[in-house]
Each structure stands twice: as C-alpha cells, then as structure tokens.
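Engineer: Need coordinates for the below:
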Amino acid sequence: MLLLLAACSTTVPGVPVAAPAFLAVDTGAYAKGPRTLPPVDAATGATLEAGRLAEVSPLPIDVDPRLRYHGNGYIGGPASLGLGLSLDQSVADSVGAFQLGFEVSANDTPAGSTDGPDSTKLDQTQQFVGAVLRMSTPAAAARAAASPTFRRPSTDRSQPAKVTATVPGFAAAQAYSIAWQYSRPSVTAIVASGRYVIAVFTTLPPASVATYFTRQIAVLKSFSETPDDKLTTLPADSGGVVALTLRDKDVSAWATPRSDVGRWDDVVAARKMESDAGVDVVGYGKDTVMRAEDAAAATHLAAAVLALYQKWYPTGSSVTVRGLPGAPCFSYKQYKGADSTKSVCAVASGRYVATYTSGQPDDAKQAIGAAYLILRQAR
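Structural biologist: You can find the predicted model right below:
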C-alpha cells in the first residue's frame, strides 16, 4: 500500500519548529558526510608504515627541550618528503630512490606575533630537522650514507662552502657544517642503520646529532617492520577517525598523540591539551580529527585550541560561522605588517574535534562547516 503523506491536510496545533541551524551551513565543494576509504594501495601502505615508525621515534624536543615550537611532520613516500628543501639537496641526491620515510622538525622560537622577517639581522633561531628513510636493502642504505655526492660543493654559488664535520661516536657518518651569513651555522649529517638512512639538519652542535642518531638507531633495532609485500594489509583507519576527515587526495593516515603532538606549534601545550582531553587517536585528511574521552572533553579541547592562538596572536579576532555553535574560527596575522591573514578553526561534536587551518577565510569557514556536519554523523 502506498501512503501519499504529502496529500494530507491535517492541521497540528502548536508552535512551528524552526529548522536546525546546522542546515544553513555553507560547505562549498566539501562533502557533508563521512567518507568511504578505498582499499590500501602501495602509496597509502607506505604512508601507514612510515606512520608506524614515526610513532615510536624521537621528536626534536627529545633531543633538546628548547625545540618545542613550530613542530611539523611528514610521512609517506618520496613524493611526500621534500628532502632537498627541508634538509639539503645533498641528502636527496645521496639517498636517491627510497621506499618510505618520515621527517620531523621544530625550533626554539615561540609561536606568536613577530616583527616579521628581516634579512639584515642574524637569525638566532635554533632549528632541527630529522628524517628516517627506508631503502630497498641494507646495502642500498650503506651506499647512500657513504655516497661522495653528499659532500660535493653545492651548485648554488651563493651558498657558503661545506666544511667537513664529525659526529661524536659515529665514525661511519658523513657530516659537514656551513657558516651562514644571516643565521646560525648548521650541521648536516647522514648515517645508515640496517636498511634505513638517518639524516639530520640542525643549527645545534654535532653532539645533538649524535643524540638523535643514538635514539633513532635504538628504535630501529626494536622496530617490527612490515614486509614490503604486506604494506597493503595495514589498517587504513583506527576507530573510524580517518573516515571522519575531509577528503585529501594526498593525505589519509592516522596516529596516536605520541607522534601527533610533534606537529603542533607548541609541542608541550599540545601534550597537555591532548592528555587532559583523553585523546587516543588522531585522523588526518584535509583536516585533522581527534577523538577525545567524551563530549565534555572534546568541547573543552576545541576551546583550548582556539585559546592557544588567541594567546599567541592577541590582535587577531574570533570568527563566527553560520550554522555552527559559538565562534569556531580565529583569524590572525603571523607577523606585524603581514598582507594576509590565516584562519584556524576548531569545532567539537560528540567526542570528536575537527581542526582546520587556511590562508583563505571563506575556505576555512566552508571546511570547518563540512567537518562539523561530518562529526555530527559519527557513530
């Protein structure tokens, strides 16, 4: 029997109920529902395995407690890691083709407003970038770490000369220092451990490189790696958090707070926030989704994220988004006199929190709006 409800004309007394506010959310081209993850292919498997290794590896702050700011991290295959930009082209040229790996970086400059870049002044920032790269065989790793390409003069004639350096306790490592005109001297070093190559760029002394090498090699010795032909069997998600992220053709992975905090602008603050909220897993897509202990913890975490940026950039302003509760975005200039602004957004629904950052205000609103609608459908 077919019921044509639209034909009914029954009048129900009472006060009309307004449509829920979230129905007015502008999501632009972003999908409004959880995504279905495709089967794990070779590229995704490499990213997931790199994430497994990053989970148990040292962060820059573990090398020197001053390296707590502007954390960053990349996992995946060669297309995901820009070794020539983050470390030095000599590292990229020496390593050549690698299977998978990760990079971590941080510095000692607190997040917040600055006077902006000034190329006439000496940059006193202490920096650290570490990378771990899985090669096809131990022999390939050994060849890469011993490659004479590493210490060849740069093709960039404006770059100061490389001066051979040593890493205490690592006679097999190659290293060189460069005395820069407007920043601290740097050390770049490379060493092999099994089928892995470990590389470092830092303005800290060689002893700090040795600390990272020592800790990372200890991790590699106990790490249970996934065989090459089993990478596609790795789980694409954990707890369903990746499915709740906005689709990104280049990013689909997950982590625990152990490594996720290394991607925050203040690692120490991030550790406290995620610990206080009971975060157990984090999903990465175009946005980031964290699963907290419960709804109350998630609401507090979203507010804490925005409060951090409000503290760092006191001249910024809170931004409302139609259909979303409160003011889920914050707009700020990274330094005085900047021509453009950045927007950071954080919104909670149930026990989940989505965060998104963009240099385009409208994109930020649409993305966090879509993220909110997706979180509302979480089970």
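
Engineer: C-alpha from now on. contacts and neighbour counts both.
Structural biologist: OK.

Engineer: Determine how far the helix or strand hosting Met290 lies from the middle of the whole chain.
Structural biologist: Counting by DSSP states H and E, the element that carries Met290 is strand 288-291. Distance, stretch centre to chain centre, for strand 288-291: 12 Å (C-alpha atoms, centre = their mean, to the nearest Å).

Engineer: pLDDT at Asp260, what is it?
Structural biologist: With respect to pLDDT, Asp260 scores 95.

Engineer: my guess is Phe98 contacts Ser136, does it?
Structural biologist: Yes: under the criterion of C-alpha atoms under 8 Å, Phe98 is in contact with Ser136, at a separation of 6.9 Å.

Engineer: Looking at these two, which is more packed in?
Structural biologist: Phe98 (19 against 14; other C-alpha atoms under 10 Å).

Engineer: check contacts around the closest residue to that one other than its chain neighbours.
Structural biologist: Sequence neighbours aside, Met135 is the residue nearest to Phe98 in space, at 4.8 Å (criterion: C-alpha to C-alpha, 6 or more residues apart in numbering). By C-alpha atoms under 8 Å, 6 or more residues apart in numbering, the contact set of Met135 is Ala97, Phe98, Gln99, Leu100, Ala141, Arg195, Tyr196, Val197.

Engineer: CA atoms of the least confident helix or strand in the chain by mean pLDDT as CSV?
Structural biologist: The weakest-scoring helix or strand in the chain, judged by mean pLDDT, DSSP states H and E, is helix 83-86 (a mean of 72). The C-alpha trace of helix 83-86 is given here as CSV (Å, rounded to 0.1, in the frame of the first residue of the first chain):
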residue,chain,number,x,y,z
LEU,A,83,64.3,16.3,1.3
GLY,A,84,66.1,18.9,-0.8
LEU,A,85,64.1,21.7,0.9
SER,A,86,63.8,20.5,4.4
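
Engineer: burial count for Gly51?
Structural biologist: When neighbours are defined as other C-alpha under 10 Å, Gly51 has 24 of them.

Engineer: Excluding chain neighbours, what is closest to it?
Structural biologist: Nearest one to Gly51, counting by C-alpha to C-alpha, 6+ apart, is Ile75 at 6.0 Å.

Engineer: Helix, strand or coil: sort out that neighbour for me.
Structural biologist: Under DSSP: H, G, I helix; E, B strand; the rest coil, Ile75 falls in the strand class.

Engineer: And the strands in this protein?
Structural biologist: 69-76, 100-107, 127-134, 163-164, 174-178, 186-193, 196-202, 253-255, 281-284, 288-291, 317-319, 329-332, 342-349, 352-358 (DSSP state E).

Engineer: low pLDDT regions in the protein?
Structural biologist: 1-23, 84, 113-122 (pLDDT under 70).

Engineer: Now do the domain split for it, please.
Structural biologist: For the chain, the domain assignment from automatic domain parsing gives the residue ranges 24-38+236-376, 42-114+122-232.

Engineer: Now do the shortest one: distance from first to last residue.
Structural biologist: Spelled out, that is domain 24-38+236-376. Distance across domain 24-38+236-376, first residue to last, is 14 Å (C-alpha to C-alpha, to the nearest Å).

Engineer: now the longest one
Structural biologist: Across its full length, domain 42-114+122-232 reaches 6 Å end to end, with C-alpha to C-alpha as the criterion.

Engineer: quick one, which of the strands of the chain is nearest to Gly369?
Structural biologist: strand 342-349 (8.8 Å; C-alpha to C-alpha).

Engineer: List of residues touching the closest one?
Structural biologist: So strand 342-349 is in contact with 295, 298-299, 302-303, 305-306, 328-334, 353-361, 364-365, 368, 372, 375-376, going by C-alpha under 8 Å, 6+ apart.

Engineer: Repeat the analysis, applying 7 Å as the threshold.
Structural biologist: Applying C-alpha atoms under 7 Å, 6 or more residues apart in numbering, the contact partners of strand 342-349 are 298-299, 302, 305-306, 328-333, 353-361, 364, 368, 372, 375-376.
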